[in-house]
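**Student:** this one's structure only:
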């Protein structure tokens, strides 16, 4: 695994207010192409919640 740049999230956040709704929209945009395996679908929701919570704490 290696880090990647969250370009879709960046685009969704550019010029937007720093609100939980905007953070959720950005997380959804970034994760829209996620292709989870059979036994780890729950990780997409975990990632979304982590992004929203972390951005909220940083704002």
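**Tutor:** Arrived safely, thanks for sending. The model shown is predicted, which means the values in this text are computed figures rather than measured ones. Numbers count the residues shown, from 1 in each chain.
**Student:** what sits against the residue nearest the centre of the chain?
**Tutor:** By C-alpha atoms, centre = their mean, the chain has its centre lying nearest to residue 27, at 2.3 Å. With contact taken as C-beta atoms under 8 Å, 6 or more residues apart in numbering, residue 27 is in contact with 9, 47-48, 51-52. Where you see a C-beta, it was placed from the backbone N, CA and C, and this is true even at glycine.
**Student:** what does residue 47 give?
**Tutor:** 27, 31, 34.
**Student:** what do you get if the cut-off is 7 Å, keeping everything else the same?
**Tutor:** For residue 47, the contact set (C-beta atoms under 7 Å, 6 or more residues apart in numbering) comprises residue 31.
**Student:** check which helix or strand covers it.
**Tutor:** helix 42-58 (DSSP states H and E).
**Student:** that older thread, buried ones among the contacts of residue 27?
**Tutor:** 9, 48, 51-52 (16 or more other C-beta atoms under 10 Å).
**Student:** count the neighbours of residue 2 for me.
**Tutor:** Neighbours of residue 2 under the rule other C-beta atoms under 10 Å: 3.
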